[in-house]
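> Quick one, structure for this:
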Amino acid sequence: MTMSDPSRLHRFSGLEDSIGYMARIIFRRFSASVERRTSPFGITTGQLAILRALWTVDGVAQHQLSDSLELCQATVAISLQKLEAIGVVRRETNSLNRRETLVFLTHRGRALENAIGEVPRAVNAAALKGFTASEIDTLHQLFLTALRNLDASERNIFRPAKQARGSAHLARSMTAICNDP
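Numbers count the residues shown, from 1 in each chain. Next up, the predicted model:
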């Protein structure tokens, strides 16, 4: 019995109706599928996100990576430490701001783009097989709406307004992820 088997979900009272639970299961499936394809190269799903950002803009500050990927700085630091250990990235202190660490791809890190750069697109295509273009667009819009709603809810309840990430930032991030062909 697979996790996508509806009878399995019914064993967990109410979870089959939870969008959050289903999103978690889908996220875990995406992550596992990506990792099966990247693990032969020693790369985890989280590390792939960092590499994808660096393939776009190399030499970025470590804290900017954290912000753009919406990951805590400690998580990014640990991932970078592991990527550095396998020779995929190197870190240097910014000569203009000694408190800032810049992250650069090594030759091996740049070469990985050819080997695993298309993995997220392939997994995305597999997940969306059988969907029409209209359904994909609707799904994308629904996810963006859910993100904006959660962002507004968090901002109003749990965080001071000055610390809240804007919906526009979330929309840009999701558009970049969801529009990956």
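
> my read is residue 129 is in a helix, agree?
No. If the criterion is DSSP: H, G, I helix; E, B strand; the rest coil, then residue 129 is coil and not within a helix.

> Just give me the neighbour total for it.
7 (other C-beta atoms under 10 Å). The way it works is simple: take the backbone N, C-alpha and C, and place the C-beta from them, glycine included.

> pLDDT at it, what is it?
On the pLDDT scale, residue 129 is placed at 97.

> From residue 136, how far out is it?
11 Å (C-beta to C-beta, to the nearest Å).

> what helix or strand does the most centrally placed residue in the chain sit in?
Most central in the chain under C-alpha atoms, centre = their mean is residue 49, positioned 5.5 Å from the mean C-alpha point. Assessed by DSSP states H and E, residue 49 sits inside helix 45-56.

> ok, residues contacting the next helix or strand after that helix?
Scanning forward in sequence from helix 45-56 by DSSP H and E, the next helix or strand is strand 60-61. With contact meaning C-beta atoms under 8 Å, 6 or more residues apart in numbering, strand 60-61 is reached by 53, 54, 68, 94, 100, 101, 102, 103.

> from memory the first one sits against residue 69, does it?
Yep, that's residue 53 we're talking about. Yes. Counting by C-beta atoms under 8 Å, residue 53 touches residue 69, with 6.2 Å between them.

> helices or strands up against the helix ranked longest in the chain?
Criterion DSSP state H: the longest helix present in the chain is helix 133-157. Applying 3 or more C-beta pairs under 8 Å, 6 or more residues apart in numbering; DSSP states H and E, we find helix 133-157 packed against helix 167-178.

> Got the domain ranges for this structure?
Here the domain parsing of the chain from automatic domain parsing is 36-119, 131-181.

> Can you give me the end-to-end span of the first one?
Which is domain 36-119. 10 Å (C-alpha to C-alpha, to the nearest Å).

> tell me how far that domain is from the chain's mean position?
13 Å (C-alpha atoms, centre = their mean, to the nearest Å).

> do stretch 144-151 as well
16 Å.

> Also stretch 28-44?
13 Å.

> Now do it: everything it contacts.
Residues contacting stretch 28-44 (C-beta under 8 Å, 6+ apart): 3, 45, 47-48, 51, 79, 86, 88, 112, 115-116, 119-120, 122-123, 126-127.
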